[in-house]
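Novice: any chance you can model this:
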Amino acid sequence: MAQRPGIFPTFFISGFECSTFLWKNKQRRNLIAETQHDRHAQEDYNILRSLGIAVAREAVPWPLVDSQGNYDFSIIDPLLEAMRQTQITPIWDLCHYGYPDDLDPFSEEFVDRFARYCRAVAEYVTARLPGPYFFTPINEITFFSFCGGEWGWVAPYRNTRDDRFRFRLVLCQAAIAGVKAIREINSEARMIHIDPLVQVVAPRDRPDQIEAAHHETYVDTFLAWDILSGKEYPEFGGSPDILDIVGANHYSFGQMEYRENGPHQALPPDDDRIKPLCELMHGVWDRYHRPMIVGETSGMEAGRDEWLRDVMDESLAAVNAGIDLHGVCLFPAVDMPDWHTGKWLHNGIYDLIEEGDDLKRVPCEPYIAELRRWQQELNRVVALDADPYSDPVELQDVVDAAKRLQKVPDRNWH
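Specialist: Numbers count the residues shown, from 1 in each chain. The predicted structure follows:
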């Protein structure tokens, strides 16, 4: 028996880009198809198995399975079969920036419709896969509310701060209702609520924007989690048990200089205003004291291995500081296109190389080598055995490694 058992069968987690939004041009995007994950599901899950990763963030694409409240989940059957074959546990993402065409998120129907859909998903997947069961009802509520509520990138194409605030409240209500609906089907199901770690600073020559930047960092960043935990708008029904597991995403563009209109400007990696990841994680831990994962992280191009090294250094510094960290999600497993330009980002564990009509999976060897180094450092498996749950994660190994290595928070993200 593990002295301090982890929540997941492996400490390292991965996942697949699965957005299904209506984009600026009013056309439905399906990143599952654009990356050919739907065609390569078995290969993609075999890749994870070979990497010693037994948990994957995966989507049920709500707008593609829900036709006016009638469900056809056959689109996820190839994913379910690949999971059965590889014994990899999904974290089901039930709304990844997309909702059905006939639904208005500002209507009274939205919350009830989402709850019914969540219940139907839970019935479908729990009947076809063994537990434990993990769900992310709505991915990145805070970012989604900006993306669709203020910037107008995706439906519902709103473009004011008031719209963003209203949209976020609706998404929080829907997520809470979704959690309750899922647990009517399986009371032991765990929830992971994912949002970005963000720090916003005022331009050096704009002291008048210090207050707005501070509000976005210390209020806006946390409001969705606050609502889910019951700290704010308790009438919505949030609670610590609803919040459950906190997934904090960390990317290079998450620390920004404030801009009044539109997305903020990412800080350069040597900017002296950057805060160490450990410090950002501590802000989440101190606020909620819930189990945490790094919900998504990845570097770009040739910097992927160095990014993982920095993230792991910071994560172990966080563990040493008492944070209950249960995993780090290397996202995505296979490459994804930039939403705006369509160019491949080269941020996956595997790159995608076009060969005719096919997207060939090609490993990023330095990234994988760095993953292997950390698996060995933390006494973690480097490939899955017949039963990934037979030897659960021993978090004491992670704690011991953190004490042995004595990593120190570092603001330099070169």
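Novice: contacts and neighbour counts: CA atoms only from here.
Specialist: Will do.
Novice: and stretch 197-213, end to end?
Specialist: Distance across stretch 197-213, first residue to last, is 14 Å (CA to CA, to the nearest Å).
Novice: er, stretch 338-349 actually
Specialist: End-to-end distance (CA to CA), stretch 338-349: 16 Å.
Novice: what's next to it, contact-wise?
Specialist: 298-301, 304, 330-337, 352, 363-364, 367-368 (CA atoms under 8 Å, 6 or more residues apart in numbering).
Novice: in ChimeraX, how would I select just the buried ones from those?
Specialist: Selection of the buried residues among these in ChimeraX, burial being defined by 16 or more other CA atoms under 10 Å:
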select :298,299,304,330,331,332,333,334,335,336,337,352,363,364,367,368
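Novice: which residues in this protein form helices?
Specialist: 31-34, 41-50, 62-65, 77-86, 109-126, 141-149, 161-185, 210-215, 221-229, 240-243, 277-288, 304-320, 365-377, 395-405 (DSSP state H).
Novice: can you put those helices in CSV and add mean pLDDT and distance to Glu260?
Specialist: Putting those into CSV (pLDDT from 0 to 100; distance: least, CA to CA, whole Å) gives the following:
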stretch, mean pLDDT, distance to Glu260
helix 31-34, 98, 30
helix 41-50, 98, 41
helix 62-65, 98, 32
helix 77-86, 98, 42
helix 109-126, 98, 30
helix 141-149, 97, 13
helix 161-185, 98, 11
helix 210-215, 97, 9
helix 221-229, 98, 17
helix 240-243, 98, 31
helix 277-288, 97, 23
helix 304-320, 97, 30
helix 365-377, 97, 37
helix 395-405, 96, 40
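Novice: okay if I get these as JSON lines plus distance to Gln199?
Specialist: Below are these laid out as JSON lines (distance: least, CA to CA, whole Å):
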{"stretch": "helix 31-34", "distance to Gln199": "28"}
{"stretch": "helix 41-50", "distance to Gln199": "32"}
{"stretch": "helix 62-65", "distance to Gln199": "31"}
{"stretch": "helix 77-86", "distance to Gln199": "36"}
{"stretch": "helix 109-126", "distance to Gln199": "30"}
{"stretch": "helix 141-149", "distance to Gln199": "13"}
{"stretch": "helix 161-185", "distance to Gln199": "18"}
{"stretch": "helix 210-215", "distance to Gln199": "8"}
{"stretch": "helix 221-229", "distance to Gln199": "8"}
{"stretch": "helix 240-243", "distance to Gln199": "22"}
{"stretch": "helix 277-288", "distance to Gln199": "8"}
{"stretch": "helix 304-320", "distance to Gln199": "16"}
{"stretch": "helix 365-377", "distance to Gln199": "26"}
{"stretch": "helix 395-405", "distance to Gln199": "25"}
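Novice: what's the closest of these to Asp387?
Specialist: Proximity to Asp387 (CA to CA) singles out helix 77-86 among the helices of the chain, at 9.5 Å.
Novice: by contact count, what packs against that closest one?
Specialist: helix 41-50 (3 or more CA pairs under 8 Å, 6 or more residues apart in numbering; DSSP states H and E).
Novice: contacts for the helix it packs on next, please.
Specialist: 14, 37, 54, 78-79, 81-83, 86, 88, 333-334, 382-384.
Novice: from those, list the buried ones, please.
Specialist: So, by 16+ other CA under 10 Å, the buried ones in the contacts of helix 41-50 are 14, 37, 54, 79, 82-83, 86, 88, 333-334, 382-384.
Novice: of those, closest to Phe143?
Specialist: Distances from Phe143 to those, taken by CA to CA, are shortest for Ser14, at 20.0 Å.
Novice: wait, that closest one sits on Gly52?
Specialist: No: the criterion here is CA atoms under 8 Å, and Ser14 misses it with Gly52 at 10.4 Å.
Novice: quick one: pLDDT of the residue lying closest to Ile32 once chain neighbours are set aside?
Specialist: Leaving aside its sequence neighbours, Ile32 sits nearest to Cys18 (CA to CA, 6 or more residues apart in numbering; 5.0 Å). Here, the pLDDT recorded for Cys18 equals 97.
Novice: list the contacts of the nearest residue to Lys24 once chain neighbours are set aside.
Specialist: Using CA to CA, 6+ apart and skipping residues adjacent in sequence, the residue nearest Lys24 is Trp153, 5.1 Å away. Going by CA under 8 Å, 6+ apart, Trp153 touches Trp23, Lys24, Cys147.
Novice: please indicate which of those residues are buried?
Specialist: Buried, going by 16+ other CA under 10 Å: Trp23, Cys147, out of those.
Novice: His250: which of the contacts of Trp153 is nearest?
Specialist: His250 has its nearest neighbour among the contacts of Trp153 in Cys147, at 17.5 Å by CA to CA.
Novice: give the phi and psi angles for the nearest residue to that closest one once chain neighbours are set aside, as a check.
Specialist: Spatial nearest neighbour of Cys147, chain neighbours left out: Trp153 (5.5 Å); criterion: CA to CA, 6+ apart. The phi and psi torsions at Trp153 (degrees, to the nearest 10) take the values phi -70, psi -40.
Novice: looks like Trp225 contacts Asp244 (just checking).
Specialist: No: Trp225 lies out of contact with Asp244 (CA under 8 Å); the separation is 10.2 Å.
Novice: these two: which is more packed in?
Specialist: The residue with more neighbours, out of Trp225 and Asp244, is Trp225; 27 against 19, by other CA atoms under 10 Å.
Novice: so what's the nearest residue to that one once chain neighbours are set aside up against?
Specialist: Nearest in space to Trp225, with sequence neighbours left out and distances taken as CA to CA, 6+ apart, is Leu243 at 6.9 Å. The contact partners of Leu243, by CA under 8 Å, 6+ apart, come to Met191, Ile192, His193, Trp225, Leu228, Ser229.
Novice: tabulate these (JSON lines), appending distance to Gln265.
Specialist: Shown next, in JSON lines, are the contacts of Leu243 (distance: CA to CA, whole Å):
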{"residue": "Met191", "distance to Gln265": "32"}
{"residue": "Ile192", "distance to Gln265": "28"}
{"residue": "His193", "distance to Gln265": "26"}
{"residue": "Trp225", "distance to Gln265": "24"}
{"residue": "Leu228", "distance to Gln265": "29"}
{"residue": "Ser229", "distance to Gln265": "30"}
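Novice: list the contacts for Tyr350?
Specialist: Ala333, Val334, Asp335, Arg361, Val362, Pro363, Cys364.
Novice: do the same with Arg28
Specialist: Thr20, Phe21, Leu22.
Novice: so which of these is the closest to Leu129?
Specialist: Closest to Leu129, out of all of the contacts of Arg28 and judged by CA to CA, is Thr20, at 23.8 Å.
Novice: thanks a lot, catch you later.
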